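In: one predicted model, sequence on top.
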Amino acid sequence: MARLIRNTRQRAVSRAPARHLVVCQHDGRFDSTVEVAAISDLIQQKDQIVWVDLQNPRAEDLALLSDEFGFHPLAIEDATHPHERPKIDAYNGYYFLLFYALRYDAAQKRISSQQVSLFIGANYLVCIHQDPIAAIDETIRRWQRYEHDFGEDVAELLYHLLDTIVDEYFPILDALIERVEDVEAQIFDHFRPESLQEIFALKRELLLMRKIVASERDVLNVLIRREAPVYPRDMVAYFQDVYDHLIRITDSIDTYRDLLSSALDAFLSLQSNQLNEVVKTLTIASIILMSAALIAGVYGMNFEFMPELSWPWGYPFALGLMAAISLLLIAIFKRRGWL
Amino acid sequence: MARLIRNTRQRAVSRAPARHLVVCQHDGRFDSTVEVAAISDLIQQKDQIVWVDLQNPRAEDLALLSDEFGFHPLAIEDATHPHERPKIDAYNGYYFLLFYALRYDAAQKRISSQQVSLFIGANYLVCIHQDPIAAIDETIRRWQRYEHDFGEDVAELLYHLLDTIVDEYFPILDALIERVEDVEAQIFDHFRPESLQEIFALKRELLLMRKIVASERDVLNVLIRREAPVYPRDMVAYFQDVYDHLIRITDSIDTYRDLLSSALDAFLSLQSNQLNEVVKTLTIASIILMSAALIAGVYGMNFEFMPELSWPWGYPFALGLMAAISLLLIAIFKRRGWL
Amino acid sequence: MARLIRNTRQRAVSRAPARHLVVCQHDGRFDSTVEVAAISDLIQQKDQIVWVDLQNPRAEDLALLSDEFGFHPLAIEDATHPHERPKIDAYNGYYFLLFYALRYDAAQKRISSQQVSLFIGANYLVCIHQDPIAAIDETIRRWQRYEHDFGEDVAELLYHLLDTIVDEYFPILDALIERVEDVEAQIFDHFRPESLQEIFALKRELLLMRKIVASERDVLNVLIRREAPVYPRDMVAYFQDVYDHLIRITDSIDTYRDLLSSALDAFLSLQSNQLNEVVKTLTIASIILMSAALIAGVYGMNFEFMPELSWPWGYPFALGLMAAISLLLIAIFKRRGWL
Amino acid sequence: MARLIRNTRQRAVSRAPARHLVVCQHDGRFDSTVEVAAISDLIQQKDQIVWVDLQNPRAEDLALLSDEFGFHPLAIEDATHPHERPKIDAYNGYYFLLFYALRYDAAQKRISSQQVSLFIGANYLVCIHQDPIAAIDETIRRWQRYEHDFGEDVAELLYHLLDTIVDEYFPILDALIERVEDVEAQIFDHFRPESLQEIFALKRELLLMRKIVASERDVLNVLIRREAPVYPRDMVAYFQDVYDHLIRITDSIDTYRDLLSSALDAFLSLQSNQLNEVVKTLTIASIILMSAALIAGVYGMNFEFMPELSWPWGYPFALGLMAAISLLLIAIFKRRGWL
Amino acid sequence: MARLIRNTRQRAVSRAPARHLVVCQHDGRFDSTVEVAAISDLIQQKDQIVWVDLQNPRAEDLALLSDEFGFHPLAIEDATHPHERPKIDAYNGYYFLLFYALRYDAAQKRISSQQVSLFIGANYLVCIHQDPIAAIDETIRRWQRYEHDFGEDVAELLYHLLDTIVDEYFPILDALIERVEDVEAQIFDHFRPESLQEIFALKRELLLMRKIVASERDVLNVLIRREAPVYPRDMVAYFQDVYDHLIRITDSIDTYRDLLSSALDAFLSLQSNQLNEVVKTLTIASIILMSAALIAGVYGMNFEFMPELSWPWGYPFALGLMAAISLLLIAIFKRRGWL
Ligand SMILES: [Mg+2]
Ligand SMILES: [Mg+2]
Ligand SMILES: [Mg+2]
Ligand SMILES: [Mg+2]
Ligand SMILES: [Mg+2]
Ligand SMILES: [Mg+2]
Ligand SMILES: [Mg+2]
Ligand SMILES: [Mg+2]
Ligand SMILES: [Mg+2]
Ligand SMILES: [Mg+2]
Ligand SMILES: [Mg+2]
Ligand SMILES: [Mg+2]
Ligand SMILES: [Mg+2]
Ligand SMILES: [Mg+2]
Ligand SMILES: [Mg+2]
Ligand SMILES: [Mg+2]
Ligand SMILES: [Mg+2]
Ligand SMILES: [Mg+2]
Ligand SMILES: [Mg+2]
Ligand SMILES: [Mg+2]
Ligand SMILES: [Mg+2]
Ligand SMILES: [Mg+2]
Ligand SMILES: [Mg+2]
Ligand SMILES: [Mg+2]
Ligand SMILES: [Mg+2]
Ligand SMILES: [Mg+2]
Ligand SMILES: [Mg+2]
Ligand SMILES: [Mg+2]
Ligand SMILES: [Mg+2]
Ligand SMILES: [Mg+2]
Ligand SMILES: [Mg+2]
């Protein structure tokens, strides 16, 4: 990932405001006024579900991660260091999961990505991110409104969050696909250098998006198949569904990258063929014109003794000679299949 | 898949009529007048086989899926949401399988695809699709006519349905192959820009078809090898046969994509070689003509003191000079291997 | 495979004559006059070895397969349907194996392929094919002549048949390699458009041959490693040897496909470099000639007041000017490294 | 690796001074004045930790490896022979690990690499290298200063050393990425041949760096997953973190190699399109000029009988004819879509 | 491999002399005068080590292989048939291993390869080859001189033989690398068609060498990891070392093949860019010259009534017109960015 996603960070000169939010659910009742210091006690109670969301966290917010939750220093480093890859690491008693929310800037025609770090425990979920993430706010809102859809289960919270993040990829992919199809149509219509820059930009965006989505697909695969489950068995179908979405996205990206390459190849072939035709025409026309001009040049010479010059039919003879040579050359080029 | 198959859906502005059909078999007798509400009872009886076909289902038809069969909401979503990938998911007591029927529009020269969603239980089969699917109608008709060929087994119904769908791929593949071979022949004969657009269109169609067929091949592979069997052991050979067909199709597609690329490369090389020859000819002819024209130009100058002009053999001398220089240049070009 | 091998079938308008041959061995004695209806009894006797060869079988010959041997309908379909892929399927009590004999038509410079279908039982071998297959006739002849080399074992018959088929691939491969090396030599010598068509044809033939051989390699791999053995353990080395041959062939094909691509690339680079040189020469020569011609044109103008025209040294001055400008241009082009 | 990294060795004509350093830790106290001959006794005491660092070792230093530690001759050969690949080998009682420190020469714009060979025992670490390695000196310094961070564990020493080495890769990667982005920007702006050489140089550097990092990634993978652990279980997360870093680096390299290729392709397409436009313009302008010049040439002929010459409007007629033909040609070229 | 290595065999018109050598070791004493017929007895004695070397063996030498050792006929065939691939096969009581010694003909600049076939038993080693193999002679010499380095173990003999063969690959690889770096330097300096043929030749040699070395790497891998060991456990490190060497060689070859391709691409881009510049210059210069020449042509026309011709400033006016048009055209081309 590294610097590919640097643009996002650079534009965000004015950093998002720091915010921390703790939501606690118990028997369907929600409490958003939890004392930070009380978290370590709350998460001891297995029937409590605690969601902690830290946006653009300050040093004192991060202290919470080791003090109240006791997270591993390397996991905290990954959560706060920008430009990690999507991944899932199993720690003792919790998972660390790193995902990306994507946003599409229609004006700039660029995808930007926001890193979302998650600590997933048996009864808590901790999110860390820099910029505001719509998917987090929406998932928390829906959790509080339709709490019985969510059950009393962190895995369902996780599913709804990941699903919301991934659902937002589709309109972005569609915007890119629209651009690919536009540029494809343009290329067969009339080529403009800007199309070429657009193809290059699209390749870049599709490459960036594919890198992120493919890594996230691997994360979901681990969640479904390999590791010890952090969730009840009937949740597999849900994570499988998110995994399906990610596969469809990488598949589509691959297809459209192929189509882009193939459209470019087609254009280049067409262009090279056109060049061929133009060069042939140039050859034929210039050779004919030069031949005629040579005859004119010959009869423009100032020798004293040039019998043709005083022929009464000299001028028509010269013009006729030009026409005859032109026709002869055309016949030769036709025979060679150049016309 | 995503938008690649959008064309189908777009053309189908006038949606197909909603239809629901329930066929029930018991001891070789068929009953097509089953009450919808009775399905849940019927499928409790292990000696009944129930086939439910829902075309362009309305909300109340879909209610049936959860009310009578109790299918998982995510499977129902996949069945009704367009543009999923071919796949098979194991649920508790049934499989969800997603396949595509293909149709070839000879006028438009495009493949269109129709999603077919199947729920496969021990004694029932539920199909969901938007447009009418010939393979489904034909399989139901053959089931009712030659019931003893089918046994009393959902797996045989499934086999006959998938086999019929896949058998319809071969004429489509043959139509594409015919076009590849036509365009190959054209390319070595005389190049036309339309051939290039045809190559591009063929690459697109082959790519689309390959994506679908390759995913379906994976589905069949799961059906044969990996998962707990939903069918008696002697059915493996039948699904293996469908799997064979899908492998042969992807193999053929790969071969013809290779041939297409290689034909295009061959053409481009040929063309580049031709351009080379044309440019060489241009060089030689224009240099010769320019040299002769220069001599004519020189003797067309109006200087008072130009001794050659008054030579009696001045004119033939000038023409001879032109011829001599031309022959000299031809000799030089021959030595350089340009002629 | 599909249509790639269609050419064979098309040429074979006059189908080969139907033939069926049953050879039975018992204690080293051969009997070629076996009644068809007796086969099912014969194969019950474990010390009998029966080889049935069906060429271009009629309906009644095929009936034999289900009536006397009880083969699975899908296996019979594969055996008689053209254009299957090489494969091996395990059925209850026998294997179905599909292989291809290759023939090289030196005049047409094309490989043609003949499908050979084999049913391999504990003490019988059934071959089905359309055209006469030299390898089958030769193996049967050698079996009857040197029977003690073969032991009393179907696996040895199978080995000798497959080995004979594969041994015939080597001269075909050598013929193709010869052509690759010829075209390689030509390309560096003097390019002709026919070389390009030859390269394309060779790529096609190598691609076809590779497809068949690679699938057969997989078949042998199954025979050696994966499935329950139909043969005594000491036969592994023999099938391993056939497998080695098939690997060597695919390796050689890959190498020569690489060399072909690389020769083509080399040629195209050479050609593009030559074009460059020609264009440079054109530039330089035409600019020089045009400059001199411009001077001639200027002094060919008919103005009344052109002082140079009446200079006694006007003519040599003009020629000198042309020479000076030519030398200046040559110096400039040399400085630019274009000469 | 072989000669790719030869440059480093060649520049190092003046070899680094030989140095050997033995640091021994026991209960948090450090002792740097250990007798070499005492090492074999020290490492018998399980509560001692011994770090031996050999820079540009002489024969007598190497004797130490077999005499005091009893290392395998092949491992010693690998440790002292230049240009090995990063790898880890398990020996009886110790591991042999080979890694590379990288340095970036900003002036030469080249990466150089220094081989670091490590012998990892239960309570000792032996480093062998030619040039001074900053990461080693820094790790030893930090070990002695913050000894309680390191515990009494060789695995932690190893982690800190590898982590320091790998952390130094990031600024090097960033320098290369900066250059890729500069050359990308240049290419769309105005092409210069130096950009092409820069692209080639960057491909080379990225290729070299990828080779080394990818091999090291495999080494870390072995350390984490496959082999019997030389370290307590809670160290896995630490080596996993180094592994993560190496994956991120190879991922970034792959991305930037893709972008480089794609930028080059884009440039070449743009250039080929430009050439097309230039050639078209040449065709049109030269054909028009040649046509007009032919008319001028015709009326420059010296025939006695050319009626137009004495027309009062002859001169304007000739100029009008030139204009008319020019406009006609422009119309024709417009119709052909060449303008 | 097949015909790729044909050159070696062809040059060796005069076959190497037949030679057979039997060396027997017992308790550190060597005996080179063993009777052939005694071998079968000797190898029964487990404390004897027998090395049989057959160069260009005659029929009676080969008889020894089946009579005295009882080797499998297929292994004997592989040992004596040229152009097999490097491989290892396990037989009952011995291994059959096939390797290649390489030689570099510096004059012809070609690699040639000699097949070495080995039968490896518990206490014997049989080598079969056509041409003299330096590595074999050297290994036997060193065995007899430094016998205590070798122990009483066939595996050590095998290791020393393979190691010697593989050590000889490095100078060959270095010679190829030298050539790659030379051609790289040339290509950026000044292109010559011979460089292109050199690139093609190098690709061929690297491809050939890679094919052989990669197969041998697989052989070593089998020797280390998969099969039942023919050697005591502490020999693994030795074969691992040979394996390391082979990996380093394939890695280097891959790198230099990449560099070769990338150098060629760079050159072609540079060349295409140069062509572009030349064509632009041609366009501009020829359009300017043609425009000026047209004016000269116009004032060279012979009309009676051309007012400019009698203007006193007519001549300078015409020259000024030429200059003005030239400057105008230069301004236009500058605006278009073509200058
Ligand atoms: Mg980390
Ligand atoms: Mg979703
Ligand atoms: Mg959703
Ligand atoms: Mg890209
Ligand atoms: Mg889905
Ligand atoms: Mg494509
Ligand atoms: Mg879904
Ligand atoms: Mg079928
Ligand atoms: Mg069918
Ligand atoms: Mg497509
Ligand atoms: Mg079949
Ligand atoms: Mg089939
Ligand atoms: Mg293919
Ligand atoms: Mg190419
Ligand atoms: Mg054979
Ligand atoms: Mg044979
Ligand atoms: Mg091909
Ligand atoms: Mg190659
Ligand atoms: Mg070594
Ligand atoms: Mg680090
Ligand atoms: Mg660090
Ligand atoms: Mg990390
Ligand atoms: Mg990439
Ligand atoms: Mg390309
Ligand atoms: Mg063999
Ligand atoms: Mg072989
Ligand atoms: Mg060695
Ligand atoms: Mg050695
Ligand atoms: Mg080669
Ligand atoms: Mg090594
Ligand atoms: Mg490179």
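Out: Looks like it came in fine. Ligands and ions are numbered 1, 2, ... in the order given.
In: name whatever forms a beta bridge with A:Arg29.
Out: The partner list for A:Arg29 in beta bridges (DSSP bridges) reads A:His26.
In: gap between it and A:Gln144?
Out: As defined by C-beta to C-beta, to the nearest Å, A:Arg29 lies at a distance of 10 Å from A:Gln144. Glycine gets a C-beta too; all of them are placed from N, C-alpha and C.
In: repeat for A:Glu184
Out: 45 Å.
In: pLDDT weak spots in the stretch 1-150 of chain A?
Out: Of all residues in the stretch 1-150 of chain A, those with pLDDT under 70 make up the ranges A:1-14.
In: residue contacts, the residue nearest to A:Arg179 when sequence neighbours are not counted?
Out: Nearest residue to A:Arg179, sequence neighbours excluded (C-beta to C-beta, 6 or more residues apart in numbering or on different chains): A:Leu202, at 5.7 Å. Applying C-beta atoms under 8 Å, 6 or more residues apart in numbering or on different chains, we find A:Leu202 in contact with A:Leu176, A:Arg179, A:Val180, A:Val183, A:Leu260.
In: near chain E, anything from the longest helix anywhere in chain A?
Out: Looking across chain A with DSSP state H, the single longest helix is helix A:236-298. No - Helix A:236-298 does not reach chain E (C-beta under 8 Å from any C-beta of the partner chain); its nearest approach is 9.0 Å.
In: for that helix, give the mean pLDDT please.
Out: The pLDDT scores in helix A:236-298 average 88.
In: A:Tyr104: what secondary structure?
Out: At A:Tyr104, secondary structure determined by DSSP: H, G, I helix; E, B strand; the rest coil is strand.
In: could you double-check that it sits in contact with A:Ala175?
Out: Yes - using C-beta atoms under 8 Å as the test, A:Tyr104 is close enough to A:Ala175 to be in contact (5.5 Å).
In: the two: who's more crowded?
Out: A:Tyr104 (19 against 14; other C-beta atoms under 10 Å in any protein chain shown).
In: A:Lys203 is in contact with D:Ser262, isn't it?
Out: Yes - with contact defined as C-beta under 8 Å, A:Lys203 counts as touching D:Ser262 (5.2 Å).
In: can you list residues touching both of the two?
Out: Counting by C-beta under 8 Å, 6+ apart, nothing touches both A:Lys203 and D:Ser262.
In: settle it for me: which of those two has more neighbours?
Out: Using other C-beta under 10 Å, the more surrounded residue of A:Lys203 and D:Ser262 is A:Lys203, with 23 against 17.
In: confirm that the more buried one lies within a helix, as I assumed.
Out: Yes - counting by three-state DSSP, A:Lys203 is part of a helix.
In: and it, how far is that from ligand 10?
Out: Separation of A:Lys203 from ligand 10 (C-beta to the ion, to the nearest Å): 17 Å.
In: same thing with A:Leu125?
Out: Distance from A:Leu125 to ligand 10, by C-beta to the ion: 40 Å.
In: show me the contacts for the closest residue to ligand 23 within the stretch 101-250 of chain A.
Out: At 6.2 Å from ligand 23, A:Leu207 is the closest residue in the stretch 101-250 of chain A, using C-beta to the ion. A:Leu207 makes contact with A:Arg257, D:Thr255, D:Asp258, D:Leu259, according to C-beta under 8 Å, 6+ apart.
In: count of residues packed around the first one?
Out: Just to be clear, that refers to A:Arg257. Neighbours around A:Arg257, by other C-beta under 10 Å: 16.
In: residue contacts, the residue nearest to it when sequence neighbours are not counted?
Out: Nearest residue to A:Arg257, sequence neighbours excluded (C-beta to C-beta, 6+ apart): A:Leu206, at 5.4 Å. Shown in contact with A:Leu206 (C-beta under 8 Å, 6+ apart): A:Leu176, A:Ile253, A:Tyr256, A:Arg257, A:Leu260.
In: let's see 7 Å
Out: A:Leu176, A:Ile253, A:Tyr256, A:Arg257 (C-beta atoms under 7 Å, 6 or more residues apart in numbering or on different chains).
In: check whether the longest helix of chain A contacts ligand 5.
Out: Yes - for helix A:236-298, a contact with ligand 5 is found by C-beta under 5 Å from the ion, at A:Asp244.
In: can you tell me if that helix touches ligand 7.
Out: Yes - Helix A:236-298 comes into contact with ligand 7 (C-beta under 5 Å from the ion), by way of A:Asp241.
In: quick one: name whatever helix or strand follows that helix.
Out: With elements assigned by DSSP states H and E, the helix or strand that comes after helix A:236-298 is helix A:314-335.
In: how about that next one, which residues are buried there?
Out: Using 16 or more other C-beta atoms under 10 Å in any protein chain shown as the test for burial, helix A:314-335 gives A:Gly314, A:Tyr315, A:Ala318, A:Leu321, A:Met322, A:Ile325, A:Leu329, A:Phe333.
In: now, which of these sits nearest B:Ser215?
Out: Proximity of these to B:Ser215 (C-beta to C-beta) peaks at A:Phe333, which lies at 53.2 Å.
In: from B:Leu270, how far out is that closest one?
Out: 19 Å.
In: for ligand 4, what are the nearby residues on chain A?
Out: A:Lys203, A:Leu207.
In: could you list the domains of chain A?
Out: A:1-149, A:275-335 (automatic domain parsing).
In: who touches the nearest residue to A:Val52 once chain neighbours are set aside in this structure?
Out: Excluding its sequence neighbours, the residue lying closest to A:Val52 (C-beta to C-beta, 6+ apart) is A:Val126, at 4.5 Å. Contact partners of A:Val126, counting by C-beta under 7 Å, 6+ apart, are A:Val52, A:Phe69, A:Leu118, A:Phe119.
In: so the third one touches A:Cys127, yeah?
Out: Put plainly, it is A:Leu118. Yes - at 5.7 Å, A:Leu118 counts as touching A:Cys127 under the criterion of C-beta atoms under 7 Å.
In: helix or strand: which one has A:Glu184?
Out: Counting by DSSP H and E, A:Glu184 is part of helix A:169-189.
In: can you give the contact residues for that helix?
Out: When contacts are defined by C-beta under 7 Å, 6+ apart, helix A:169-189 is touched by residues A:102, A:104, A:111, A:195, A:198-199, A:202, A:205-206, A:213, A:249, A:252, A:256, A:259-260, A:263, A:267, B:2-3, B:197.
In: list the buried residues in that helix.
Out: Residues of helix A:169-189 classed as buried under the neighbour-count rule (16+ other C-beta under 10 Å) are A:Tyr169, A:Ile172, A:Leu173, A:Leu176, A:Ile177, A:Arg179, A:Val180, A:Val183, A:Glu184, A:Gln186, A:Ile187.
In: pLDDT check: weakest of those residues?
Out: Lowest pLDDT among these: A:Ile187, with 77.
In: ok, and the closest non-adjacent residue to that one?
Out: A:Phe267 (4.5 Å).
In: what is the burial count for the one you found?
Out: 23.
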